[in-house]
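Sharing a model prediction with you, sequence too.
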Amino acid sequence: MDTTQPAVAPKTEKKRPGRSRTPSGQRSGLLQTILIPFLAVLTGLIIGAIVIAVTDSAAVAAFGRFFQAPGAALAAVWHAVKTAYGALFYGSIGSLSEITTALGSGDPAAIRQAFWPITESLVASTPYIFTGLAVGLGFKAGLFNIGAEGQFFMGSLGAAFVGYSLIGWPWYLHLPLAILGGFAAGAIWGAIPGWLKAKTGGHEVVNTIMMNYIAYRLSDWLINGPMKAPGFRPVTPHIQMSAALPRLFSDPLRINVGFFLALIAAALVFWFLFKTTIGFQIRAVGANPDAARYSGMSITRTIVLAMTLSGGLAGLGGASQVLGVDYWVGQGFSAGYGFDAIAVALIGKSHPVGIVFAALLWGFLRSGATRMQSLAGIPIDIISIIQALVIVFVAAPDIIRGLYRLRKISAEKVVLSRGWGS
Amino acid sequence: MPPVLELRGITKAFPGVLANDHIDLTLEQGEILALLGENGAGKTTLMNILYGLYKPDEGEILVRGEKVNIQGPNDAIARGIGMVHQHFMLVPVMTVTENVMLGVETTRGLVLDREQVARRIEEIGREHGLEVDPHAYVKDLPVGLQQRVEIIKVLYRNADILILDEPTAVLTPQEVEDLIEVLQSLIAQGKSIIFITHKLKEVMAVADRITVLRLGRTVGTVEPSKTDPQHLASLMVGRDVNLVVAKKPATPGNPVLEVNDMIALDDRGNVAVNGVTFDVRAGEVLGVAGVQGNGQTELVYALTGLRPPAAGSIRILGQDVSKANPRQITEKGVAHVPEDRQKHGLVLSFPVSDNIALNTYYLSPFAKGVNMQQGAILAASEELVDQFDVRTPNVHVNVSTLSGGNQQKVIVAREFSRPIKLLIASQPTRGLDVGSIEYIHSRIIQKRDEGTAVLVVSSELDEILALSDRIAVMYKGQILDIVSARGTNKKHLGLLMAGIKPAEGAVVATGGDEEEIERVF
């Protein structure tokens, strides 16, 4: 201790034993937030490769003769994995040679054909972005919204209804109204369990799951009844093209403004959560409702608001699917977006930027999986295995830390949702 | 004769933290050794190592001269080491007998033999002055008796080295005296005791020797006769500490807070505050004393709007706020330092700056309409951190990385930086080190001198006596008496805290605490 110290205690924090993190600790924490999901995907792909090899009959047969012909065995394994992942890549992104040739030839049809895989991946990612944001926003408020599926569905119905029932409207009125219709339907579907939780304490996990079932049955009735198109098939009428989200290019490319709407939604959610007073409130309630209440925030209002917005976002997902891709709603419409959204929100750490990347990953994997199945005969379930592994690795980051010898930073507890009575 | 317990060079590191740094500790047979240190000094880690919950990275433990490797709590117990924890580990819905034999059940064939255990409990009780009804349910026992059960548990397992972790935290002064008698009887029977505490005065009264830990190292072992609380405090903190905040006499003004016949319920719906009436005037400190659990917590909840009272009225500056919510009460100029800082006072996963804005984030200059003004928040936070001497690398780190004392300073900085008329401070220095206590006490007195009305709720009598101008004692939901601070002493307050109101004008032993300590010896 130097002798010139004043009577008041020194202000600078010297490095002492017994006290914890310095700023450098927080920097490497940020690095790990990006590194771990990346490594999770990588490890998932590696294990997926092992599964592919193990289920490929040619490779297994070759491995049986490993000691006689080790080279051939390894080659067979490599071949199996290369074919599978090659097809996955081709299906999700496309063939680089095909793209360059098409661009060189200048033939518009060929160019469109070459870019088809990657645009399909973006189309597939769009609903994941919306529903991922929905679930992520819920998580930030301490709520577990399992109802994104039902909210998505109701959103699609809402948008379809406005889309087909208003005839002869100009697009600049019709399209926004249709989008609003989707948002509103989803918002209502989220508000109900939100209000129930705020007023009665009824846990949103139970109520949102129930709302999903109500949505399925309600839509069954609507699509077979009041919202049925003339004809035999249980589908809604085709929407008016004045309500359609414009496609960016002509057939067969389906990429539409919806994708950019999703990115805008992500930017808006980011601004809302981190730059506004209401967002601050939502995050405080999610992190520590006791302290939030003590500092004057209304827990009930915050919960209802968060669930409403969450439902609205999922509804927007449904709207973008109807208005941009399918143009009608059929029975049994949704492909599990609401449930995958939970995984997307988890991997994206409930942060809009992370969610966009996670949604893109999911969209690309899904898109590629269909091609992988048709081209290489690899069952689509391999993708599910890879996705499941990624989820496990992100949810239990210590596995990745152990595998890759990353330093453990004293983690704060991340509570995704609260249990009964808490 | 070798020391009954010796720790040599014990070192234990956790990621980023060196909790114990080559610590040496000796416990002689038949002595009471006090282990003194701030929060984070390493006392709990050291005791956890002794109890087998952690393995030391380096160093050795010798029990009765023999080097041992303690594998776990069962192993520690087998070697005669018993620990009485600060937070009791009892099952409330079981009887005393069941709690004592939990884990070492005696059976007669296939059936539990409660009778044998009950007899042994009575025996131990008689030997050491620890009488308790073996068939009583723990939840029906007062805290002092619950602690007896904890001690009996340890004696039942034939411990002769006892470790007591902050045993007096929940006791009235009379119960503390009883405990000290029990400890002396145990010593007479040949046991040896390690007494962990941060209460300087107690340590002087109880211990044969005092070992002080600071930042994971032993900084000295002294005998009480050769030291005083001032010296011990400076050893604990590493610099000179003012133990008693200097204060001028109060000049109280108009009443700021008026409470009339208030009844408040606890979270089970039972009456916790049973009709209290008092007021707090500008420029004075009213201390509310009492053992925890007599309604103080619910009183504060009612005053801060967290749980409206069931009956009665609360008025702040003449306006009725009985039905107001926390935000409305804050806007009336009330500041609140909550009892449970991590639960009610802070959002641990938020940065320091966000916590400073926690109750004013929606007002200018922290927000313009719906947009938060991050620049203003950061600037205000940096200034406050500077002004209130919060030890943090910067205002961006999460407040969870700060020590308890600094977390409390963040709350104090936040609450004191508004123009306030009434300050409600609940257990403001609980779990804090001596340096932080000194700081917060001086800030509270400063507010009082500025004309703020201050209500301090604390179960630490020293704190109440140091800060208060008037003292109200709560017992079973009612205010037993309100006395002037100068017209009372610890003994008088102790009686009130136990529910005994001495007759008007009765002479309660006068004099300061020094006399009481001598009487204990």
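Received the coordinates, thanks. Numbers count the residues shown, from 1 in each chain, chains lettered A, B, ... in the order given.

Which residues are in contact with the residue of the stretch 201-350 of chain A found nearest chain B?
Nearest residue of the stretch 201-350 of chain A to chain B: A:Gly296, at 3.1 Å (CB to the nearest CB). (Each C-beta comes from the backbone N, C-alpha and C, glycine too.) Taking CB atoms under 8 Å, 6 or more residues apart in numbering or on different chains as the criterion, A:Gly296 is in contact with B:325-327, B:330, B:359.

Phi first, then psi, for residue 337.
Looking at chain A here, since you left the chain open. phi -60, psi -40 (degrees, to the nearest 10).

Chain B is the one I meant
The phi and psi values for B:Val337, taken as degrees, to the nearest 10, are phi -100, psi 110.

Contacts only, for the closest residue to it other than its chain neighbours.
Among residues not flanking B:Val337 along the chain, B:Ala425 sits closest, at 4.4 Å (CB to CB, 6 or more residues apart in numbering or on different chains). B:Ala425 makes contact with B:336-337, B:444, B:454-457, according to CB under 8 Å, 6+ apart.

Reformat these as CSV; add neighbour count.
Below are the contacts of B:Ala425 laid out as CSV (neighbours: other CB atoms under 10 Å in any protein chain shown):
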residue, neighbour count
B:His336, 27
B:Val337, 24
B:Ile444, 26
B:Val454, 28
B:Leu455, 26
B:Val456, 28
B:Val457, 25
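
Filter the residues you listed down to the ones in helices?
Taking DSSP state H, the ones among the contacts of B:Ala425 that sit in helices are B:Ile444.

hang on, B:Gly499 in a strand?
No - under DSSP: H, G, I helix; E, B strand; the rest coil, B:Gly499 falls outside any strand and is assigned coil.

So it sits against B:Leu480, correct?
Yes - at 7.0 Å, B:Gly499 counts as touching B:Leu480 under the criterion of CB atoms under 8 Å.

Quick check on the residue nearest to B:Val337: phi, psi?
Torsion angles, degrees, to the nearest 10, at B:Ala425: phi -120, psi 120.

Distance check, it against B:Leu465.
Going from B:Ala425 to B:Leu465 by CB to CB, to the nearest Å gives 15 Å.

How about B:Gly312?
Counting by CB to CB, the gap from B:Gly312 to B:Leu465 is 28 Å.

Quick one: residues contacting the closest residue to B:Val143 other than its chain neighbours.
Using CB to CB, 6+ apart and skipping residues adjacent in sequence, the residue nearest B:Val143 is B:Val170, 4.8 Å away. For B:Val170, the contacting residues are B:143, B:147, B:291-292, B:459, by CB under 8 Å, 6+ apart.

Now do the same for B:Val170: helix, strand or coil?
coil.

name the element the residue in chain B that chain A sits nearest to belongs to?
Closest to chain A within chain B is B:Arg327: 3.1 Å, counting by CB to the nearest CB. If you go by DSSP states H and E, B:Arg327 is part of helix B:326-331.

Tell me which two of the contacts of B:Ala425 sit farthest apart.
By the measure CB to CB, B:His336 and B:Ile444 form the most distant pair in the contacts of B:Ala425, at 13.0 Å.

Find the residues that touch each one of these two.
Here B:His336 and B:Ile444 have B:423, B:425 as joint contacts, going by CB under 8 Å, 6+ apart.

what ranges do the helices span in the stretch 151-300 of chain B?
B:173-188, B:200-206, B:229-237, B:296-303 (DSSP state H, counting those that start in this stretch).

Let me see the mean pLDDT of the second one.
When the per-residue pLDDT values of helix B:200-206 are averaged, the result is 82.

With the longest one instead?
Summarised as a single mean, pLDDT over helix B:173-188 is 86.

where's B:Tyr362 relative to A:Leu122, distance?
39 Å.
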